[in-house]
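S.K.: can you look at this prediction? I've put the sequence above it.
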Amino acid sequence: MAWMDNYRAGLSHQQQLRMFNQLDSHDTARFKTLLGRDIARLPLAVVWLFTWPGVPCIYYGDEVGLDGKNDPFCRKPFPWQVEKQDTALFALYQRMIALRKKSQALRHGGCQVLYAEDNVVVFVRVLNQQRVLVAINRGEACEVVLPASPFLNAVQWQCKEGHGQLTDGILALACHFGYGMDELTFYNALRDACAIIRGLKLPEAGFEGVIMSV
């Protein structure tokens, strides 16, 4: 994560927003193939693709789970038969596209990494009063303590993906963000607008991607 932040530090805000973000291309093996047995991490990459600064680029077929090794195997025909498509993955792409289209913060906002240790990354996208909090865990179940930040001050958060709980000013995100999961939306009010988010609970290894906004 550090090298990504260091790279962004050398770019202007507008340059960051124009970054060409992609998981794979016609010149590389498909990302799904590169994951090998870690296929459960594929949804995490999709969440990152649509929430990190820059322009998400989707190589045809990625949205339905097309695989393939290096060229020419990464250029196989699109699987038009629905039974050959990963419909749950496609639904995730649809939700992320819709979320990005609705969110000015995701398209034009700045980005602040709040936590990046071990297998967990938490960052927030900010534009004026709009904020989108993204938490991704590629490891085992855990809890993380986020430092106090003005970006976390909010009286109301809306959970866009995953499961969340709010207890005594502690925001706990316990998301199983994976294939076939129903979208959950809920509203709660922080008792203390300046409360430190102490408990990000991410229970299922490889499936965690939590998105919240205000």
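M.R.: Perfect, I can see it now.
S.K.: quick one: the nearest residue to C111 once chain neighbours are set aside and E161, what's the gap?
M.R.: Residue nearest to C111 in three dimensions, not counting chain neighbours: P53, with 4.9 Å by Cβ to Cβ, 6 or more residues apart in numbering. The way it works is simple: take the backbone N, C-alpha and C, and place the C-beta from them, glycine included. Applying Cβ to Cβ, to the nearest Å, the value for P53 to E161 is 19 Å.
S.K.: where does the residue nearest to C111 fall, phi/psi-wise?
M.R.: Main-chain torsions, P53, degrees, to the nearest 10: phi -60, psi 140.
S.K.: dump the residue contacts of the nearest residue to K76 once chain neighbours are set aside.
M.R.: In space, and not counting its chain neighbours, K76 is closest to G68: 5.3 Å by Cβ to Cβ, 6+ apart. By Cβ atoms under 8 Å, 6 or more residues apart in numbering, G68 lies in contact with 29-30, 33, 74-76.
S.K.: what of G10?
M.R.: Counting by Cβ under 8 Å, 6+ apart, there are no residues that G10 touches.
S.K.: care to break this structure down by domain?
M.R.: 2-104, 109-213 (automatic domain parsing).
S.K.: give me the mean pLDDT for the last one.
M.R.: Rounded to a whole number, the mean pLDDT of domain 109-213 is 60.
S.K.: distance of the residue lying farthest from the centre of the chain from R95?
M.R.: What lies farthest from the middle of the chain is P72; by Cα atoms, centre = their mean that is 29.6 Å. Here the criterion is Cβ to Cβ. By it, P72 lies 32 Å from R95.
S.K.: check M1 too.
M.R.: With distances taken as Cβ to Cβ, M1 is found 25 Å from R95.
S.K.: who's more crowded, those two?
M.R.: For M1 versus R95, the count of surrounding residues by other Cβ atoms under 10 Å is larger for R95: 17 against 12.
S.K.: could you check the pLDDT of that one?
M.R.: R95 is given a pLDDT of 93.
S.K.: regarding this protein, what is its longest helix?
M.R.: In the chain, taking DSSP state H as the definition, the longest helix is helix 87-102.
S.K.: could I get that one in CSV with only the CA atoms?
M.R.: The C-alpha trace of helix 87-102 is given here as CSV (Å, rounded to 0.1, in the frame of the first residue of the first chain):
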residue,chain,number,x,y,z
THR,A,87,-23.8,-14.1,-12.7
ALA,A,88,-23.0,-13.3,-9.1
LEU,A,89,-19.8,-11.6,-10.2
PHE,A,90,-21.6,-9.8,-12.9
ALA,A,91,-24.2,-8.5,-10.3
LEU,A,92,-21.3,-7.2,-8.2
TYR,A,93,-19.9,-5.3,-11.2
GLN,A,94,-23.4,-3.8,-11.8
ARG,A,95,-23.7,-2.7,-8.2
MET,A,96,-20.3,-1.1,-8.1
ILE,A,97,-20.9,0.7,-11.4
ALA,A,98,-24.2,2.0,-10.1
LEU,A,99,-22.6,3.1,-6.8
ARG,A,100,-19.8,4.9,-8.6
LYS,A,101,-22.3,6.7,-11.0
LYS,A,102,-24.2,8.0,-8.0
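S.K.: appreciated, that's everything.
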